[in-house]
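J.: Got a predicted model here, sequence first, then my questions.
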Amino acid sequence: MSRTQLFNLDGKIAFVSGASRGIGEAIARLLAQQGAHVIVSSRRLEGCQPVVDGIIAEGGKATAIACHIGEMEQITRTFARIREEFGHIDILVNNAATNPQFCNVLDTDLSAFQKTVDVNIRGYFFMSVEAGKLMRDHGGGSIINVASINGVSPGVFQGVYSMTKAAVINMTKVFAKECAQYGIRCNALLPGLTDTKFASALVGNDAILKTALQQIPLKRVARPEEMAGAVLYLASDASTYTTGVSLNVDGGYLS
């Protein structure tokens, strides 16, 4: 019996933001294992390099590029470099996000609000625009937005973050509809509670964790690696007729 090539990413150029740890790192490693040359990105280069070194040590291909997606100048500079060094991009995974304030919505700080919007909405949007232009010029590609179950059911004390993730879900549909004519697909991953540093305020609080687990049918927290397989599906030829979809990977929380 021959093996399927549906998940083969040989020759593909993939960009993963927020890839220095957690879900982003797991995604970057899996895409590289499937043959993609992965651009590992986060705000600081020193955070990306160990991931790149690990991928290369396993026989994969990877490059580290620092990019703070909350800064428009860095987005522009990053894609100018991608165009110059690689010529095109096939896969964009918008994973970098921020949630600087954990509080009642009435106590929201303006600077925290602006930072969250700048990264989680504006950043995702213009990363997708720049990648989309390169994909359009090269015959297509796949954009995957890492949203959140909070975009469907707002998380307690995570009001602004939840609002931005709801915007990402709608943004995904916008790009799916308007960019299909260029061979560009756009889908969203909606992770449930995952054991990452980003979610430490939830996972590290016994009372909050106990309450959360009661609402998750699988009764456990996800591992970052359990998000990567869904992204591989959305990035690969296994999903060539899938666009505009929000894929819940949440242990049954939203079911």
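T.: Sure, I can see it.

J.: Phi, psi for His68 please.
T.: The phi/psi pair for His68 (degrees, to the nearest 10) reads phi -90, psi 110.

J.: Quick check: it touching Leu45?
T.: No. Counting by CB atoms under 8 Å, His68 stays clear of Leu45, with 11.2 Å between them. To be clear about C-beta, it is placed using only N, CA and C from the backbone, and glycine gets the same treatment.

J.: Neighbour count: these two, which is higher?
T.: Each of His68 and Leu45 has its neighbours counted (other CB atoms under 10 Å); His68 has more, 19 against 15.

J.: which residues does that one contact?
T.: Counting by CB atoms under 8 Å, 6 or more residues apart in numbering, His68 touches 43, 74.

J.: Report pLDDT for it.
T.: pLDDT for His68: 98.

J.: separation between it and Gly18?
T.: Relative to Gly18, His68 is positioned 10 Å away (CB to CB, to the nearest Å).

J.: and if you look at Ala80?
T.: For Ala80 relative to Gly18 (CB to CB), the value is 21 Å.

J.: tally of neighbours for Ser236?
T.: 21.

J.: That one is in contact with Gln34, isn't it?
T.: Yes. Using CB under 8 Å, Ser236 makes contact with Gln34 at a distance of 7.3 Å.

J.: anything in contact with each of those two?
T.: Joint contacts of Ser236 and Gln34 (CB under 8 Å, 6+ apart) are 7-9.

J.: By neighbour count, which of the residues you listed wins?
T.: Neighbour counts for the shared contacts of Ser236 and Gln34, by other CB under 10 Å, peak at Leu9, which reaches 22 neighbours.

J.: Pro224 versus that one, what's the distance?
T.: According to CB to CB, Leu9 stands 19 Å off from Pro224.

J.: Over to Thr76?
T.: Thr76 is 30 Å from Pro224, where distance means CB to CB.

J.: Just want to know which of those two has more residues nearby.
T.: Between Thr76 and Pro224, counted using other CB under 10 Å, the more crowded position is Pro224 (19 against 12).

J.: Hmm, that one is touching Ala28, no?
T.: No. Applying CB under 8 Å as the test, Pro224 and Ala28 come out as separate, 10.7 Å apart.

J.: which strands and helices sit next to the top helix by length along the chain?
T.: What stands out as the longest helix in the chain, according to DSSP state H, is helix 159-179. When contacts are defined as 3 or more CB pairs under 8 Å, 6 or more residues apart in numbering; DSSP states H and E, helix 159-179 packs onto helix 110-117, helix 124-138, strand 141-146, strand 184-191.
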